[in-house]
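[1] Take this sequence and fold it.
(2 chains)
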Amino acid sequence: MLKARASARRRAYIILMHVLMGAAAVLTCALVLFMIGYILGNGIPNITWEMLSTAPSYLANRVGILPDILSTLYIVIATLLIVLPLGVGAAIYLNEYAANKKLVSAIEYASETLSGIPSIIYGLVGMLIFCKNGTSLLAGALTLTIMNLPTIMRTTQESLKTVPQSYREGAFGLGAGKWRTIRTVVLPSCVDGVVTGCILSVGRILGESAALLFTAGSAHMLYGFWEGLHNAGATLTVALYFYAKESSDTGLVFAIAAILMLLTMLINLAAALVGSYFRRKQQ
Amino acid sequence: MAQKKKIWEAVIHGMFLVLGLITVGCVLLITVYLVISGIPAIRKIGLGAFLTGKVWESTAAQPHYGILPFILTSVYGTAGAIVLGVPIGFLTAVYLSKVAPKGVKRALNSAVSLLAGIPSVVYGLVGMLVLVPAIRKIFHLPDGASLLAAILVLAVMILPSIIKVSVTALDAVPKEYEDASLALGATPIETYFRVSVPAAKSGIAAAVVLGVGRAIGEAMAVMMVSGNAPNMPSLFESVRFLTTAVASEMSYSSGLQRQALFSIALVLYLFIMLINAALNFFLKRNKEGD
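    Residues are numbered from 1 along each chain as shown, chains lettered A, B, ... in the order given. The predicted structure follows:
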């Protein structure tokens, strides 16, 4: 009798946990599917070629988002150009040079701290430091550089750790100096980490808005790359924020959201493909 | 020749040292800037009046700068998001790590990654267009932009962090523990929840703390759904968070009002530093396998 009751309770517990777990997993999936369906369903029909290829104009009464697309592109390129040497260099220092354990843990703690700071604080500090002459895409890119430094550092460091020690010893044995060893043996073997870091950073830059609001500004003007860097410009996310708050044109807002969603999916796909490609190569 | 090479190597070493120290420099720079620009307003307003004042009227003729409503809103909002998000995230993580068949696992994993990658303004937009009207209709409110809407959006936004960190911790539980439990007659489900989960508790705690950090730092999505009135927090009223207090007035602020905004950022930064320390504590304990 007692035994039967205990086993009934056990069975109830098992069924309950099964149901709860299934419900949570289904809910998570449903959320993702709803977000994709809602945004793409409402957005894709509103994307037109005219919208993608023109600047907004009150005179012609049209809302183009080409300047926002270009601003996003410029900021991605500028940020990666600045952050790559810094992040890869820092990772090389940590993995190849640093001998002082305290220093290493200080650097790693700093990098963890950086990745925990909310983007609105980056925006504020970026505004204080980089925007002495007003907002510009370059100021935005510099702010995002600090934000993405930990990402590049971490992925590069992880792949540096997988380079076998014997490679380095081989190079030293052949008479190469430390720098030459790093340049010709270590660096080429950590390409996968750098590429993964780049993809993650691009995803983060695409989605960033709070850090750019006060550093990169909110203009919608068409510029070339260099000219654009010195002028204010709204990225797609910032443009989406302002249009959602101020404009009654929900079609435009959904179109931008759909473009952002598609780009996010593309980035995720790229990250997965690159990840599995490098894993296969390693084996 | 050897001398020259030695100098060259030393120069390179020095260069990498500088690069390595950049992160430390950045953290110091951010801290120093926030402290320097945040302190003046606190000194003018008074620390007590600033932190415990219940009224924020920065543009009034007799301005009041009390940020208690923002602090409490941030705390309540984060707590609400954790209460909703952690159980769902935790259960999904156990399913994902222990139960899910391979195909489902892959699909669910990429769904979670996508959820993590969606820009916060897109979450804000969906919240603004779907959640806010729904709340208005269901609860018969004049306006649906409220703390409840913010909590719901935040709960969804912290899900991926919670799931990912918990899955990593659960995956790392030694197979022997589970085998021993199964051999003693426990069913798989009992094993997962009574052996694997307790073994991964530090990692799961880290996931919760990470979720707290994400929720308290989120600005844009919350700004789009919470209404932004500086009320004391209440579930169905328009509220303002620490993050949105900074963001919503920055563009037109000046003088003491602007300085007070920097002080709010400093308070937020202190919160984040505390959360970071807690996160580090749990992660370290997880690594030691305690």
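
[2] residues in contact with stretch B:136-148?
    Identification of contacts with stretch B:136-148 by C-beta atoms under 8 Å, 6 or more residues apart in numbering or on different chains yields B:73, B:76-77, B:80, B:128, B:131-135, B:225-228, B:233-239. For the C-beta atoms, the positions are set from N, CA and C on the backbone; glycine is no exception.

[3] Out of those residues, which are close to chain A?
    residue B:128 (C-beta under 8 Å from any C-beta of the partner chain).

[4] In PyMOL, how would I select the buried members of the contacts of stretch B:136-148?
    This is the PyMOL syntax for the buried subset of the contacts of stretch B:136-148, where burial follows 16 or more other C-beta atoms under 10 Å in any protein chain shown:
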select buried, chain B and resi 73+76+77+80+128+131+132+135+225+226+227+228+233+236+237+238+239
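
[5] In helices only, show me the contacts of stretch B:136-148.
    Counted as lying in helices by DSSP state H, out of the contacts of stretch B:136-148, are B:73, B:76, B:77, B:80, B:132, B:133, B:134, B:135, B:225.

[6] Among those residues, which one lies nearest to chain A?
    Nearest to chain A among these, counting by C-beta to the nearest C-beta, is residue B:225 at 10.9 Å.

[7] how about the closest one, what does it touch?
    B:124, B:127, B:128, B:131, B:132, B:145, B:149, B:150, B:153.

[8] Based on its surroundings, how many neighbours for the second one?
    This points to residue B:127. Residue B:127 is flanked by 26 other residues according to other C-beta atoms under 10 Å in any protein chain shown.

[9] ok, residue A:257 to chain B distance?
    In this view, residue A:257 and chain B are 5 Å apart by C-beta to the nearest C-beta, to the nearest Å.

[10] Helices of the stretch 101-250 of chain A, start to end?
    Along the stretch 101-250 of chain A, counting by DSSP state H, counting those that start in this stretch, helices occupy A:101-116, A:119-130, A:137-161, A:165-173, A:178-181, A:191-207, A:210-213, A:225-229, A:236-246, A:250-282.

[11] cool, the stretch 1-150 of chain B as well?
    B:2-45, B:47-52, B:68-94, B:102-117, B:120-126, B:132-139, B:147-171.

[12] wait, which of the ones you listed is closest to residue A:243?
    Residue A:243 lies closest to helix B:120-126 among the helices of the stretch 1-150 of chain B, at 9.6 Å (C-beta to C-beta).

[13] Point out where chain A drops to low pLDDT.
    A:1-6 (pLDDT under 70).

[14] got the domain boundaries for it?
    Following the assignment in automatic domain parsing, chain A carries domains at A:2-46, A:51-282.

[15] wait, does the shortest one make contact with chain B?
    Right, domain A:2-46. Yes - against chain B, domain A:2-46 shows contacts by C-beta under 8 Å from any C-beta at A:10, A:13-14, A:17-18, A:20-25, A:27-29, A:31-33, A:35-36, A:38-39.

[16] In helices, which of the residues you listed fall?
    Those of those lying in helices (DSSP H): A:10, A:13-14, A:17-18, A:20-25, A:27-29, A:31-33, A:35-36, A:38-39.

[17] what sits against residue A:111?
    A:90, A:149, A:150, A:153, A:154, B:23 are the contacts of residue A:111 under C-beta under 8 Å, 6+ apart.

[18] Many thanks, have a good one.
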